[in-house]
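S.K.: Pasting the sequence and the predicted model now:
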Amino acid sequence: MPFRSLLYVPASNPRALEKARDLPCDALIFDLEDAVAPAAKETARERLGAALAQAGSRGGARLVRINPLGSPWGEADLAALAAWDCDGVVVPKVDGLADLDAVAARTKRPLWAMIETARGVLAAPEICAHPRLAGIIMGTNDLARDLGLRARPDRMPLWAALQGTLLAARARQVLAIDGVCNALDDSARLGAECEQGRDMGFDGKSLIHPAQIAAANAAFAPSAEEVDLARRRIAAHEAVMAQGQGVAVVDGEIVEALHVQSARATLELARIVGEGEAS
């Protein structure tokens, strides 16, 4: 299953919950934490339970971001989650293994860790080694505040944190999702952030509005040019292998076994995405 686009959905918003059922994103993150005011936490939990009980036409993953266990609402969130039809728990502000262990002891769902603090970035290698972890999600807004950086469109002040966390995720073969783009009315900036995250190596991007889904789905799926190149690389390598050689040349660049592995992964992702869009 691809995770190109993960949309946050405020659990306190009935209209958003209803609309989310048929959106073309790869995953929904039903949010009980930041997107819900303290006075609305109980109502949001009830609304989310009812929404998850209704079947929608979409087939993507349904994740739930709970409140921290140290908050007045975290324990109740996890207790309610036991009866819900969802695919994983998003744990906010994970600073180390203890934060994941505390949630893992209360639910058997797959865990997703939000990396939102300097401590979380530095602890990313041990966080990504947790046996129940399915993936990490960069919480870039909270991380920027924790670091005290000045926001820039090119996100240069965040590069070290993004790449360091991504390295930890790749070392443990868990999914890595880029942070949100705050610019709702700037399609160029959204496109640039999606492309940047994809070039870094992230699997997808977290989103704050349905209008951002198309850009993320396009950026994190193989383009027609990439699919064509992948096919040509595989064909060229197979041809030289049949001649007893090990290295081919395509478009003036060498193609070895490692490039063929990447090419096959590109074609597989293209196949999965294509099947999902056709269904």
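M.R.: Thanks, I have the structure now.
S.K.: gap between Gly148 and Ala183?
M.R.: 21 Å (CB to CB, to the nearest Å). For every residue, glycine as well, the C-beta is placed using N, CA and C.
S.K.: Compare the two (neighbour count), which wins?
M.R.: Ala183 (14 against 8; other CB atoms under 10 Å).
S.K.: Does that one touch Gly191 like I think?
M.R.: No - Ala183 is beyond contact range of Gly191, at 10.5 Å (criterion: CB atoms under 8 Å).
S.K.: residue furthest from the geometric center of the protein?
M.R.: Distance from the C-alpha centroid of the chain, by CA atoms, centre = their mean, peaks at Gln243 (42.3 Å).
S.K.: Can you tell me the element the nearest residue to Pro153 once chain neighbours are set aside falls in?
M.R.: The shortest distance from Pro153 to any non-neighbouring residue, by CB to CB, 6 or more residues apart in numbering, is to Arg189 (5.8 Å). Using DSSP states H and E, Arg189 sits within helix 187-200.
S.K.: Can you tell me which helices and strands that helix packs against?
M.R.: Under the contact criterion of 3 or more CB pairs under 8 Å, 6 or more residues apart in numbering; DSSP states H and E, helix 187-200 touches helix 159-171, strand 175-178, strand 204-207, helix 213-219.
S.K.: Could you spell out the sheet neighbours of the third one, each with its direction?
M.R.: When sheet partners are counted by DSSP bridges, strand 204-207 sits next to strand 5-10 (parallel), strand 175-178 (parallel).
S.K.: Output the below-cut-off pLDDT ranges for this structure.
M.R.: 55-59, 278-279 (pLDDT under 70).
S.K.: all strands of it, in order?
M.R.: 5-10, 27-31, 61-65, 88-91, 111-115, 133-138, 175-178, 204-207, 248-250, 253-255 (DSSP state E).
S.K.: Touching, Leu81 and Thr107? I think so.
M.R.: Yes - with contacts counted by CB under 8 Å, Leu81 reaches Thr107, the gap being 6.2 Å.
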